[in-house]
Structures are given as structure tokens and as C-alpha cells.
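1. got a predicted structure plus its sequence, pasted below:
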Amino acid sequence: MSRIAGSETEVAIRDLRRRFVPLLSTLAAILLILLPIVAASPWLPNLGFLLLITWRLLRPEIWPAPVALALGLAADLISGAPPGQSMLLWTVAFLVFDYVDSLLGVRDYWLDWVLAAAALFLHGLAVWYIALLMGSETRFWIMVPQLALAVVAYPIAARLVLGLDRWRLAR
Amino acid sequence: MALGKRRPGFSRRAQYGLFAGYVIAVGGALFGLLLLAIYFIDPRGFQAIRGAALDITAPVSSAGRAVTGFIGGIGDGVSNYVRAGSQNARLQRELAEARRELLRRQAIDYENRRLLAMLGLAREIGDEVTVARIVGSTFDSPRRLGTLSAGSSSGVQVGQPVRSPDGLIGRVLETGRWASRVLLITDGASNVPVRLVRDGTPALAVGRGDGTIELRTLEVGQNPFRRGDILVTSGVGGLFPPNIPVARVSGVEGDTAIARPVADPARLDFAIVQRIYQPAAGAGLDAASPPAPPPGAPR
């Protein structure tokens, strides 16, 4: 690809790519729930949330908090979770991240990992508790494989997001 | 990445914009909480929009189901146990068939004895609403919900039992026009009245969310279950027709018994939606909507 855009169309395409790659990649992760897999237990972390917080941690400036609200609504409708669940949890996660950023100022990769793991853990806990409120009496340990995977998943998600980010901003 | 306070310089307008963003975010989060509360109080309030979302998303799962069937096997293996290799497939198929036949005969045997005891009280229900495919399920939430490729246009209604030739899968939770959501019997909110095939002991099969089922007896103090026992639906409650195989006891510890469902939703292609055994049982569920005409002949 040449470094200089050859036409107006190409400029427009690159602009769209720069703007919408984070949003569309997160939506794609949310849509992965539609994969025709019938599972016996919850073993995968919430991929939409994983990608959302990875974008948020690596590129804090691209999204204000209301974006999480909109994506949460999409996730609730697509995954069949109780309505409002992801809207609430994802927006709260963004607000907490904003607060943490205002406290710390500087984050490095390891701290990002810790924050992501904490967010995924609390998200899993909250989802489990909401399911409990909705009448599903399960023990918390059924969430453990998923949470263990979630901790391992952040570095993978971060590499994916960084790759997408490089492509997004490529000239 | 240095962020400091997230203050976009001295521009009043930008500061107001940021503030408005937070107001929207907090308001939206509270709105989400409100939605959750409403859903908690009245789950049927969102039926229309959730049904529509289900209709839109289900074909995606449906299209890929046949192609990626083996992925489900991988996921299942991760969560359950490593299954036998492909060279065993034929033997397993034969075994499954034999087991199915055995279960059926055990159930019939019990039924016969019971019928002899009290003549004319049993009721056979053979009518099915539709045959559909289980095209997907949640795999990241503690709920165990499946997606079925048939909705209200095929006559599927909330509360109807869903089964496979092997055994019970669950019951319909939400319906769209062309798709519906099934509460699997392994979900924590699922209670199925069952009885032991061996001696007819009544029990309640409650899902545990991890692919297993906990059996609760109605009697206190003794545990009537043994490893390998088969449980079938008892028909109590009027929702599920009697004598559908539900689960096989896999372990007994103290007062509780753990069982595995006989019908593994990850393995099966087709599911049968049946009518509610005794339509009066579904009347409470349908209180919000006008009562459907009684299926078949009035009972």
C-alpha cells in the first residue's frame, strides 16, 4: 500500500477504517456468541467485554464512557442476557477505568493486565450474581474455568488489539 | 501512557462535553439497573424486543451449525471430559441406541406396573408441536440457555417441553417468530419433577449450571439413589409429559446425588417441541397474554 492516498475515495476509506475498527472489532467479538456451539458449562470469558476493555486500556482516548453503554445494549440483545446487564456492568467498568486513570496517570503493560484480570473477575462475579437473582441457583465455582481463561486471555487480546490498531493507523 | 486528569485543556466547551459524557454514562448505567430490576419483576415485559433480537441472530447460528458441529465437541471436551476417539464412534452409536431402547423399556415396564395398580389414570401424549434444531447456546454466562430454530410461527409457545429421542432437553423460555430460547435442564433455574425408574421414588432434578443435575428427594434422611440409576419425568406439575428419560445418576455423596442429562444438547441435531402435558399448568405462565386455544382436543 502506498503511503500517500491516491484519491479522495482512498482518503475516505482510510478515515472510516481509522474511526470504526475499534467499534467493529468489539461488535464482532460480541457476535461470536452466535457461533453454533452448544456448551455444557460457561468456559469462555465474555469476549465482547474482553475486547472492549482491551481497547479501553490500550487506547484510552478513543472512547468516552457512553460508548460502553451502547455496546452493552447490543451485547444484551445479541446474547440474550438479562436486559441492562451489560449496559450496567460495561459502563461502570469504563467509569472505574476513568477514575483509575485519573488516580494513577501512568499505566504499564503489567498493570493493564492486572486491571483487565480484575475487571474480568468482577464482571464474572456480577454476571453470576445477577443470574442468581434471576433464579439460577448455581455455585460460583462453575465460573472458575472461565475466569482462569480470562486471566490468560488478556495478553492474547492485547496482541490482537495492537495488531488491529497498527493496521487501523497505517499510512 | 500519561493521562493525568482527563481534562481537555482550557476549552469550556470540551470540558462540558466530557462532563455530559459522564452524565450520559452514569444515567445509562442507572437505566441498565432499572431494566434489570424490571426484568427481575416481570420477565415478560421485554418479550417483543428480545424475541425480535432472537429472530435476527438465530439464523447466523443456524447456518453454521452443520459445518462447525465438531467445534461444539471440542468445547464440550474442554468443559466435561475427553471423549473416546473416532474409531469408537460406531460402537458408541450402537450403545446409545441400545441404551435408549433399554430406557424406554424400563419406563414402559414401570408404567405397566403402575397401570395395573391403578387402571385408567395414565395419559399418553404423542402430539408434537414441531421438530427443530438446537443451533447454539450461551457459553460465557452461568445460565444454560439454548437457541432453537423454531418460533411462534411454528406454534412454539412459552413453557412447552423440548426433548430429543434420547431424553428431555428443557423447556421454552422465550419465543420469537422464527427462533426461541430454551431453558436447558442443566440451568440453575430449571426444576424438573422426576421419579426413579427402579422404584418410582419422586425427586426434583435441579440444574447446577455446569452440565450436571442435582437430585433432591422429597423424603428426608435417606438417599435412595445409586450410581447408574435412571430418572424419568414424573408428569407432576403438568408441564412435562411423564416417562421422558431425564438423567443418569453419576455420583452420590451424602444427602445429594449428582446426575448427568441423558440427552446431551451438544450432540444432538434435532429437538422435538411438545405440547404442555396439561394445558392448565401453562395458564399461569400465559397470564400476561390472551390464553391460546387448547391444543388438540380439550382435556
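-> Nice, I can see it.
2. ok, and what's touching the helix or strand containing A:Ala116?
-> According to DSSP states H and E, A:Ala116 maps onto helix A:109-133. Contact with helix A:109-133 is made by A:45-46, A:49-50, A:53-54, A:57-58, A:81-82, A:85, A:89, A:93, A:96-97, A:100, A:104, A:107, A:138, A:140, A:143, A:146-147, A:150-151, A:153-155, A:157-158, B:36, B:40, B:141-143, B:188, B:209, as judged by C-beta atoms under 8 Å, 6 or more residues apart in numbering or on different chains. Bear in mind the C-beta positions are built from the backbone N, C-alpha and C, glycine included.
3. same question for it: list its buried residues.
-> The neighbour-count check on helix A:109-133 (16 or more other C-beta atoms under 10 Å in any protein chain shown) flags A:112, A:115-117, A:119-120, A:123-124, A:127-128, A:130-132 as buried.
4. measure how far that helix is from the centre of its chain, please.
-> Relative to the centre of its chain, helix A:109-133 is centred 12 Å away, using C-alpha atoms, centre = their mean, to the nearest Å.
5. tell me the buried residues in the next helix-or-strand element following it?
-> Following helix A:109-133 in sequence order, the next helix or strand is helix A:144-169 (DSSP H and E). Across helix A:144-169, burial judged by 16+ other C-beta under 10 Å covers A:145-147, A:149-151, A:153-154, A:157-158, A:160-161, A:164-165, A:168.
6. so which residue is dead centre in chain B?
-> Nearest to the geometric centre of chain B sits B:Leu184, at 1.5 Å (C-alpha atoms, centre = their mean).
7. for that one, give me phi and psi.
-> Dihedral pair for B:Leu184: phi -70, psi 160, per degrees, to the nearest 10.
8. can you read off the pLDDT for it?
-> On pLDDT, B:Leu184 comes in at 89.
9. which regions of the chain lie under the pLDDT threshold?
-> I'll assume chain A. For chain A, the stretches flagged by pLDDT under 70 are A:1-3, A:5, A:40, A:171.
10. that's the wrong chain, I wanted chain B
-> Flagging of chain B using pLDDT under 70 yields the residue ranges B:1-9, B:63-87, B:116-127, B:265-269, B:280-299.
11. one more time with 50
-> Along chain B, segments meeting pLDDT under 50 span B:1-4, B:73, B:79-80, B:120-125, B:286-299.
12. strands of that one, residue ranges please.
-> In chain B, the strands defined using DSSP state E lie at B:128-137, B:145-148, B:161-163, B:168-175, B:180-184, B:191-196, B:202-207, B:213-217, B:230-233, B:245-253, B:256-261, B:270-274.
13. right, and the ones you listed - which one's nearest A:Ala28?
-> Within these, the stretch nearest A:Ala28 is strand B:128-137; the backing value is 16.4 Å (C-beta to C-beta).
14. ok, the closest one: who's next to it in the sheet?
-> When pairs are called by DSSP bridges, strand B:128-137 turns out to pair with strand B:145-148 (antiparallel), strand B:270-274 (antiparallel).
15. buried members of the contacts of helix A:109-133 into ChimeraX, please.
-> With 16+ other C-beta under 10 Å as the criterion, this ChimeraX line picks the buried residues out of the contacts of helix A:109-133:
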select /A:45,46,49,50,53,54,57,58,81,82,85,89,93,97,100,107,138,143,146,147,150,151,153,154,157,158 /B:36,141,142,143,188,209
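16. circling back: out of the buried residues of helix A:144-169, who's near chain B?
-> On the criterion C-beta under 8 Å from any C-beta of the partner chain, A:145-146 are the entries of those that sit beside chain B.
17. re the thing from before, packed most tightly, which of the strands paired with strand B:128-137 would that be?
-> Most buried of the strands paired with strand B:128-137, by mean neighbour count (mean count of other C-beta atoms under 10 Å in any protein chain shown): strand B:145-148, with a mean of 26.
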